[in-house]
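>>> Model the structure of this input:
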Amino acid sequence: MEVLYALPMKQKGQEFVQGISITFVLAVVAKYLGSFPFLSIMGQLVIAILLGMLYRGVIGVPQQAIKGISFSSKTLLRYGIILLGMRLNLVDIVHAGPKVLAIAIINIVFTIFVVYGIAKLFKVENRLGILTACGTAICGAAAVVAISPQIKANDNETAIGAATVAILGTIFTLLYTILYPVLGLTAKGYGIFSGATLHEIAHVIAAAAPGGKDAVDLAVIVKLTRVALLVPVAIVLGVWTNRTERKKNTVVQKANWRSIPIPWFILGFLVMSGINTLGIVPTGFTNQIILLAYFLIAMAMAGLGLNVDLATFRRLGMKSFAAGFIGSVLLSILGYLLIDLFGLK
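Sure thing, here's the model as predicted:
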């Protein structure tokens, strides 16, 4: 009897491992492909989600692997975001000055409202519109997957939102490198411009490269200033979603702190940022933690890609892509004007 009970348990364990193994292999392949010159602009996160979508479309996802894939796309994602906090040094943000912080805040608020408004105009589903807006405004796919649980988005919406802003970021990175000679910005100004308007950290680094090391360093600092603002945005959206759902209920529930969804993994991100800021962990080890963070998030992206139905992506993704594209153009224009206004050209 014990043997008969053990067999299903063992089988379930093997099925769970199978799902995780698929996302692991896809993340490894994405990491390798991301080392090539052109593909490095896309970054391993974008490649991972596209590989997941391709795998599902060509090979298909075994039913028994779904639990392991879900673990990668949800649990490993949270661990990855927490560890990614080691990328952020809060002192660098302070040293960047109030003008850079002001640009980051203005850009984020403007972009969230504009992209969400355009998405509503295009009749994009509400949660997908929010995810597209936050991904465009803050930090690409990482923002999408961090905001997703706060607004209770499903896997399809999360994957489509992440893929949309990731592809948009790649397009605008290429445009920035072409436009750099004609923008009339100093290396410092171009670095701030790239960091204040592009989507992923990988995009920022790739786009700022023509401006040299100083442009890249400043671009990353400005970008991480936007990343830091992910925490308050996630909390505000969580509270807003919670309040909206309560209003929809026929029975009025009294609001209390327990009813507010606290994004513990994002707070963990902030704690790790504090640890990095204090310099407790040696630089070499910190770099390894950051690599691990990106790899875990890449596994999560692969998991999300494996959950995307291409027909659904074509049906839902094109309108959100259009909203994100228009919003990205307006964000670039606003970012350029703000740099000129604050005398940072």
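
>>> and the next element down the chain from the helix or strand where residue 233 lies?
Using DSSP states H and E, the element containing residue 233 is helix 230-248. Scanning forward in sequence from helix 230-248 by DSSP H and E, the next helix or strand is helix 264-278.

>>> Show me what the next helix or strand after that following helix is packed against.
Following helix 264-278 in sequence order, the next helix or strand is helix 283-306 (DSSP H and E). Contact here means 3 or more C-beta pairs under 8 Å, 6 or more residues apart in numbering; DSSP states H and E; on that basis helix 283-306 packs against helix 2-33, helix 37-58, helix 66-71, helix 77-84, helix 140-151, helix 155-179. (Glycine included, C-beta is placed from N, CA and C.)

>>> Ok, which of those comes nearest residue 301?
Ranking these by proximity to residue 301 (C-beta to C-beta) places helix 37-58 first, at 4.0 Å.

>>> circling back to that earlier point, and the helix holding residue 233, average pLDDT?
The average of the pLDDT scores along helix 230-248 is 76.

>>> next one: stretch 67-83
On average, stretch 67-83 scores 83.

>>> What lies in contact with it?
12, 15-24, 61, 142, 145-146, 155, 158, 265-266, 268-269, 271-272, 289-290, 292-297, 299-300, 302-304, 306-307 (C-beta atoms under 8 Å, 6 or more residues apart in numbering).

>>> ok, now stretch 98-116?
93, 129-130, 132-134, 136-138, 192, 196-197, 221-222, 225-226, 229, 233, 323-324, 326-327, 330-331, 334-335, 338-339, 342, 344.

>>> If we use 6 Å, what do you get?
129, 132-133, 136-137, 196, 222, 225-226, 229, 323, 327, 330-331, 334-335, 338, 342 (C-beta atoms under 6 Å, 6 or more residues apart in numbering).

>>> now do stretch 275-289
Contacts for stretch 275-289 (C-beta under 6 Å, 6+ apart): 83, 86, 89-91.

>>> Tell me how far the residue nearest the centre of the chain lies from residue 287.
Central residue of the chain (C-alpha atoms, centre = their mean): residue 142, 1.7 Å from the mean position. Residue 142 sits 18 Å away from residue 287, going by C-beta to C-beta, to the nearest Å.

>>> Repeat that for residue 334.
Counting by C-beta to C-beta, the gap from residue 334 to residue 287 is 34 Å.

>>> neighbour-wise, which of these two wins?
residue 334 (18 against 13; other C-beta atoms under 10 Å).

>>> Nearest residue to residue 166 in space, please, no chain neighbours.
residue 46 (3.9 Å; C-beta to C-beta, 6 or more residues apart in numbering).

>>> got it, and residue 183?
Using C-beta to C-beta, 6+ apart, the nearest residue to residue 183 is residue 190, at 6.7 Å.

>>> likewise residue 205?
Nearest to residue 205 is residue 216, by C-beta to C-beta, 6+ apart, at 5.9 Å.

>>> What is the neighbour count of that neighbour?
Residue 216, neighbours per other C-beta under 10 Å, totals 22.

>>> got it, and residue 48?
The burial count for residue 48: 33, using other C-beta under 10 Å.

>>> Got the confidence number for it?
85.

>>> show me the contacts for it.
By C-beta under 6 Å, 6+ apart, the neighbours of residue 48 are 26-27, 30, 298, 301-302.

>>> So for those, which is the shakiest by pLDDT?
residue 301 (78).

>>> Verify the stated contact: that residue with residue 46.
No - using C-beta atoms under 6 Å, residue 301 makes no contact with residue 46, being 7.8 Å away.

>>> and these two? which has more neighbours close in?
Just comparing residue 301 and residue 46: by other C-beta under 10 Å the higher neighbour count belongs to residue 301, 38 against 28.

>>> Any figure for the gap between the more buried one and residue 226?
The value you get for residue 301 to residue 226, if C-beta to C-beta is used, is 20 Å.

>>> starting at the chain centroid, how far to stretch 122-135?
14 Å (C-alpha atoms, centre = their mean, to the nearest Å).
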